[in-house]
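A.B. asks: Everything below, folded, please.
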Amino acid sequence: MNTPSPSFTILLVDDEPAWLRSMALTLESAAGITNTLPCQDSSQVMGILERGGVGLVLLDLNMPGLGGEELLALIAERHPEIACIVVSGMDQLAGAIRCMKLGAYDYLVKTDEEERIVGGVLRAVRMLELRDENREVASRLVTGGPRQPEAFTGIVTRSRAMRAIFAYVEAVAASPQPLLVTGESGVGKEQLVRAAHALSGRAGPLVALNAAGLDDAVFADTLFGHVRGAYTGADAPRRGMIEEAAEGTLFLDEIGDLSVASQVKLLRLLQEGEFYPLGSDQPRRIRARIVVATHCDLAAKEAAGTFRRDLYYRLRTHHVHVPPLRERREDIEPLLAHFLDECSRELGRPRPALPPELARRLAAYPFPGNVRELRAMVYDAVSVRRGAALPQEPFLKALGRFAPETGAQPGAENPFAAFENLPSLSEAARLLVDEAMRRSGGNQTLAARLLGISQPALSKRLKLSRHDGA
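C.D. replies: Here you go, the predicted structure:
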């Protein structure tokens, strides 16, 4: 069963039944709008609005009984959250000005081209959807986390930043507008996309397409499908992924690698809401929500001219950036435990003991491969384990390859050996505390773990340092 579009009802008010039927058919055929309600008697409008569910009213001005301008004023007074578009049989500037002063969102003329009227309705629908989504986002962020945390159980985190991301994704999950997910490789973008689909309430499937390495012809055929005889070798028709994802979510990964020609095709899909299978002259309506992801800096690519500006801004209607693991080091310890349990189950081995100092050591590592790299380290360590404890060698190899910006080698026996003038003990302690706070992003609990002291002891040292510097 298809979900009505948009989520709210569009009330069509006119005393001419032929116009009501024509407008409903036009909106459905040209824009896929199915959630309309005709009303031929203007005196019934306020009662319909009181029952709720109406977000937009298309209103004729010249009707018997309650006139359009009078009705417009009543709606603005009693239901200011409902948008009104006046659709008049007369193209009068003075009338249009009066209607706009009374609160009309737009003024259209019945003799206008069909495309202009449909475009005006679509603009109003998008404005209302974005308004509601912004309110929902604000509400979720105020509460400090998602209302349905079970949708994110596949993402292990203690990070406040990640919880804020969960709240945002939950708030925009049901939106028909595109969602752009950015972040470095290995941070878990696909898991967020799956959570967004699960929360969307859409009945259709999540269909994923990795756009990396696809030339324009393959991308178009894969996305839109083709009819029989569309090209040499097309012996049978094939549905594209956009149709496979009907009533669900189409996930386009690595969108930053699309060629400019493919970008144009995607832009048209988003703008027009319809597509043509290869070899067909019959358009088909898009019935899937588009979600895209990339590890690229799309803003930089847009500035360099390799990514279309109009597509970039259309894709980022909703945008979430997933921070790298080095910016949420508090997640290292729970991720270690999670992957240790996961790997032990998969390999059918007893869970080894986790060395207590391992998470502290890894907090200094930048993890260029992010969560995916940490998972690989754990699997490697569990695979080569011989004793009861988890071996640290696979982790130390990665740490050994990491050279800090200072040029000092990790694991050096004496980091002060190259100093010509040694710092005093108090100076060394202060510098060590400062570095721990920098690496932990100001998190005292994590900094204390890096230093091997308690959090109260670190707090005391910080207070003394501030007092000495005053």
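A.B. asks: next structured bit after the longest helix along the chain?
C.D. replies: In the chain, assigned by DSSP state H, the helix with the most residues is helix 114-143. Using DSSP states H and E, the helix or strand that follows helix 114-143 towards the C-terminus is helix 160-172.
A.B. asks: which parts of that next one are buried?
C.D. replies: 161, 162, 163, 164, 165, 166, 167, 168, 169, 170, 171, 172 (16 or more other C-beta atoms under 10 Å). C-beta here means a position set from N, CA and C on the backbone, and glycine is covered the same way.
A.B. asks: tell me, what residue is most central in the protein?
C.D. replies: Nearest to the geometric centre of the chain sits residue 179, at 4.0 Å (C-alpha atoms, centre = their mean).
A.B. asks: Can you read off the backbone torsions of the closest residue to residue 353 other than its chain neighbours?
C.D. replies: Nearest non-adjacent residue to residue 353, counting by C-beta to C-beta, 6 or more residues apart in numbering: residue 389, 4.6 Å away. Here is the backbone geometry of residue 389 (degrees, to the nearest 10): phi -100, psi 160.
A.B. asks: Per-residue pLDDT of residue 389, please?
C.D. replies: Residue 389 carries a pLDDT value of 78.
A.B. asks: for it, what are its contacts?
C.D. replies: 352, 353, 355 (C-beta atoms under 8 Å, 6 or more residues apart in numbering).
A.B. asks: Could you double-check that the residue nearest to the centre of the chain sits in contact with residue 320?
C.D. replies: Yes - assessed by C-beta atoms under 8 Å, residue 179 is found in contact with residue 320 at 7.3 Å.
A.B. asks: Quick check: neighbours shared by the two?
C.D. replies: Contacts common to residue 179 and residue 320, judged by C-beta under 8 Å, 6+ apart, are residue 169.
A.B. asks: Neighbours of residue 323, how many?
C.D. replies: 16 (other C-beta atoms under 10 Å).
A.B. asks: for residue 444, that is, sorry about that
C.D. replies: 15.
A.B. asks: Please report phi then psi for it.
C.D. replies: Torsion angles, degrees, to the nearest 10, at residue 444: phi -70, psi -40.
A.B. asks: quick one: it from residue 433, how far?
C.D. replies: Residue 444 sits at a distance of 10 Å from residue 433 (criterion: C-beta to C-beta, to the nearest Å).
A.B. asks: list residues touching both of these two?
C.D. replies: Counting by C-beta under 8 Å, 6+ apart, the common neighbours of residue 444 and residue 433 are 458, 462.
A.B. asks: circling back: residue 312: which of the buried residues of helix 160-172 is nearest?
C.D. replies: residue 172 (17.9 Å; C-beta to C-beta).
A.B. asks: Run through the residues that contact that closest one.
C.D. replies: Going by C-beta under 8 Å, 6+ apart, the list of residues near residue 172 reads 133, 136, 137, 179, 196, 318.
A.B. asks: Looking at those residues, which one is closest to residue 224?
C.D. replies: Looking across the contacts of residue 172 and measuring by C-beta to C-beta, the closest to residue 224 is residue 179, at 20.9 Å.
A.B. asks: give me the beta-bridge partners of the closest one?
C.D. replies: Taking DSSP bridges as the rule, residue 179 bridges to residue 291, residue 318.
A.B. asks: ok, it - contacts?
C.D. replies: 169, 172, 193, 196, 289, 290, 291, 292, 317, 318, 319, 320.
A.B. asks: Which pLDDT value does the model give the first one?
C.D. replies: Turning to residue 169, the model gives it a pLDDT of 93.
A.B. asks: What of the one 5 residues further on?
C.D. replies: Residue 174 carries a pLDDT score of 89 in this model.
A.B. asks: Distance check, it against residue 316.
C.D. replies: Taken as C-beta to C-beta, the span from residue 174 to residue 316 is 18 Å.
A.B. asks: now swap in residue 22 and tell me
C.D. replies: Where residue 316 is concerned, residue 22 sits at a distance of 36 Å (C-beta to C-beta).
A.B. asks: try residue 282
C.D. replies: To residue 316, residue 282 is 31 Å away according to C-beta to C-beta.
A.B. asks: Just want to know which of these two has more residues nearby.
C.D. replies: A direct count of neighbours by other C-beta under 10 Å for residue 282 and residue 316 places residue 316 higher, at 17 against 8.
A.B. asks: Report the contact partners of that one.
C.D. replies: Counting by C-beta under 8 Å, 6+ apart, residue 316 has contacts 178, 180, 298.
A.B. asks: how does it look with 10 Å?
C.D. replies: Taking C-beta atoms under 10 Å, 6 or more residues apart in numbering, we find residue 316 in contact with 177, 178, 179, 180, 182, 292, 298, 299.
A.B. asks: What number of residues are in the vicinity of residue 422?
C.D. replies: Neighbours of residue 422 (other C-beta under 10 Å): 9.
A.B. asks: what do you get for residue 459?
C.D. replies: Neighbour tally, residue 459, other C-beta under 10 Å: 13.
A.B. asks: in which helix or strand would I find it?
C.D. replies: Going by DSSP H and E, residue 459 is in helix 455-469.
A.B. asks: Could you export the helix or strand where residue 374 lies as PDB, CA atoms only?
C.D. replies: Element membership for residue 374, per DSSP H and E: helix 370-383. Listed next in PDB are the C-alpha coordinates belonging to helix 370-383 (Å, rounded to 0.1, in the frame of the first residue of the first chain):
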ATOM      1  CA  ASN A 370      38.500   4.900  12.100                       C
ATOM      2  CA  VAL A 371      36.200   2.300  13.500                       C
ATOM      3  CA  ARG A 372      36.800  -0.100  10.700                       C
ATOM      4  CA  GLU A 373      40.500  -0.100  11.500                       C
ATOM      5  CA  LEU A 374      39.900  -0.800  15.200                       C
ATOM      6  CA  ARG A 375      37.700  -3.700  14.300                       C
ATOM      7  CA  ALA A 376      40.400  -5.200  12.100                       C
ATOM      8  CA  MET A 377      42.900  -4.800  14.900                       C
ATOM      9  CA  VAL A 378      40.700  -6.700  17.300                       C
ATOM     10  CA  TYR A 379      40.000  -9.500  14.800                       C
ATOM     11  CA  ASP A 380      43.700  -9.900  14.100                       C
ATOM     12  CA  ALA A 381      44.500 -10.000  17.800                       C
ATOM     13  CA  VAL A 382      41.800 -12.600  18.600                       C
ATOM     14  CA  SER A 383      42.900 -14.800  15.600                       C
END
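A.B. asks: No more questions from me, cheers.
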